[in-house]
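Undergrad: Build me a model:
(one chain, ligands or ions: 1)
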Amino acid sequence: FAVRAAGYDEELIKTARTIASPGRGILAIDESNATCGKRLASIGLENNEVNRQAYRQLLCTTPGLGEYISGAIMFEETLYQSTSDGKKMVDCLVEGGIVPGIKVDKGLVPLAGSNEESWCQGLDGLASRTAAYYKQGARFAKWRTVVSIPNGPSDLAVTEAAWGLARYAAICQDTGLVPIVEPEVLLDGSHGIDRTLEVAEKVWSKVFYYLGENNVLLEGILLKPSMVTPGAECPERATPEQVAEYTLKMLRRRVPPAVPGIMFLSGGQSEVEATLNLNAMNQSPNPWHVSFSYARALQNSVLKTWKGQPENLEAAKKALLVRAKANSLAQLGKYSA
Ligand code: 13P
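TA: Residues are numbered from 1 along each chain as shown. Predicted structure coming up:
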């Protein structure tokens, strides 16, 4: 007998494949209002709804973006927001050939009983929220939880992260949204790359165990892993080739080929670093579509170019296309700096 309702299966598989299509990746613009405020503050803008709208409008209405970007993850405010001339942001994306997505977790809070680690909230009431997001036009979702290497990670924190992701994934699939499964292994720390590999393997092993326990359809999910790199404060740095070797080793050991797409986060890497690392991973064929779901590594130069000035709008859109195209080439393994 069926252990899960197959209602949306065909659509989930189709959505996931569309997002994981050759030469394309995800633009993450789902910063919470607080985080978006930090980005706006970096160019001297106040954190209010009008400024957030102006910034998201710039990103969602860049002509030609859909050639390189297959999906955009929004924060709830943007999903229900319109441009200054009254067009829904969702419609701008769809017309540009970009699948609208929505961040559905409610953020991180301290995990009692752990080594000052955190857990991710948002499961209560999630099914009714995801059903409403689907109605509003979203077709995929994101849930980001984190694991800290310097703070452990404790078994408790890893188990909680994996279980939460699996419950979220099952609920999304039940309501027609492709879940992006994102246990971010934070870059912070002075540990070497071997320690990152060890932790990432442990995390993904638990995540797939619980995805199975929750009857999640693997063909209808996307992953958003951190690349396997040395800790940010580790004196020994790794080349893109080393990052690719370690990251692919981890993925081959832990991720079934049924998963259609691996969409990496940039996690504080520079724009060029994130592109070079992705390009290195695509120098030989992989069982999955190996691509990007970058926020900072797609937005840093856009923000610096825009500075909140209407006269810089066109130049800022061009800056977005430059990064999007570079990462598109990296997805195909054809980027050169
Ligand atoms: P970064 O690429 O800036 O790490 O952000 C991606 C993201 O959405 C993290 O959840």
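
Undergrad: any idea which element the residue of the stretch 1-150 of the chain found nearest the ligand lies in?
TA: Residue nearest to the ligand within the stretch 1-150 of the chain: residue 28 (3.5 Å; CB to the nearest ligand atom). C-beta: built from backbone N, CA, C; applies to glycine. Using DSSP states H and E, residue 28 sits in strand 25-29.

Undergrad: same thing with residue 145?
TA: Per DSSP H and E: strand 140-147 holds residue 145.

Undergrad: Determine the set of other helices and strands touching that strand.
TA: For strand 140-147, the packing partners by 3 or more CB pairs under 8 Å, 6 or more residues apart in numbering; DSSP states H and E come out as helix 9-19, strand 69-74, strand 99-103, strand 118-120, helix 155-174, strand 178-185.

Undergrad: List the strands paired with the second one, with their directions.
TA: Strand 69-74 has its sheet partners listed here by DSSP bridges as strand 25-29 (parallel), strand 99-103 (parallel).

Undergrad: Next one, pLDDT for residue 1 please.
TA: Per-residue confidence (pLDDT) for residue 1: 50.

Undergrad: Settle this for me: the residue of the stretch 1-150 of the chain closest to the ligand is touching residue 264, isn't it.
TA: No: Residue 28 is beyond contact range of residue 264, at 10.7 Å (criterion: CB atoms under 8 Å).

Undergrad: Can you give the distance from the strand holding residue 145 to the centre of its chain?
TA: 7 Å (CA atoms, centre = their mean, to the nearest Å).

Undergrad: Just confirm yes or no for it near the ligand.
TA: Yes: using CB under 6 Å from any ligand atom, strand 140-147 comes into contact with the ligand via residue 144.

Undergrad: Could you write out the alpha-carbon coordinates of that strand in PDB?
TA: C-alpha atoms of strand 140-147 as PDB (Å, rounded to 0.1, in the frame of the first residue of the first chain):
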ATOM      1  CA  PHE A 140       9.400  25.400  -4.300                       C
ATOM      2  CA  ALA A 141      10.500  26.100  -0.700                       C
ATOM      3  CA  LYS A 142      13.600  26.500   1.400                       C
ATOM      4  CA  TRP A 143      14.300  25.600   5.000                       C
ATOM      5  CA  ARG A 144      17.700  26.500   6.300                       C
ATOM      6  CA  THR A 145      19.000  25.100   9.500                       C
ATOM      7  CA  VAL A 146      22.700  25.300  10.600                       C
ATOM      8  CA  VAL A 147      25.300  23.100  12.100                       C
END
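
Undergrad: what sits against the residue nearest to the residue of the stretch 1-150 of the chain closest to the ligand when sequence neighbours are not counted?
TA: Closest residue to residue 28 apart from its sequence neighbours, by CB to CB, 6 or more residues apart in numbering: residue 295 at 3.9 Å. Contacts were defined as CB atoms under 8 Å, 6 or more residues apart in numbering; by that measure residue 295 touches 28, 29, 30, 31, 265, 266.

Undergrad: Would you confirm that the last one belongs to a helix?
TA: When you say that, I think you mean residue 266. No: in this structure, residue 266 is coil, not part of a helix, as judged by DSSP: H, G, I helix; E, B strand; the rest coil.

Undergrad: next one: phi and psi at the residue nearest to residue 28?
TA: The phi/psi pair for residue 295 (degrees, to the nearest 10) reads phi -100, psi -80.

Undergrad: What parts of the stretch 101-250 of the chain come near the ligand?
TA: Contacts of the stretch 101-250 of the chain with the ligand, taken as CB under 6 Å from any ligand atom, map to 144, 182.

Undergrad: From the contacts of residue 295, pick the one nearest residue 306.
TA: residue 29 (13.4 Å; CB to CB).

Undergrad: per-residue confidence for the residue nearest to the closest one when sequence neighbours are not counted?
TA: Closest residue to residue 29 apart from its sequence neighbours, by CB to CB, 6+ apart: residue 59 at 5.4 Å. Residue 59 carries a pLDDT value of 98.

Undergrad: now the most centrally placed residue in the chain, what's its secondary structure?
TA: Centrality entry for the chain: nearest residue to the mean C-alpha point is residue 293, 4.3 Å, by CA atoms, centre = their mean. Of the three states, residue 293 takes strand under three-state DSSP.

Undergrad: All the helices of the stretch 201-337 of the chain, residue numbers only.
TA: Under the criterion DSSP state H, counting those that start in this stretch, the stretch 201-337 of the chain contains helices at 240-254, 271-281, 296-306, 313-331.
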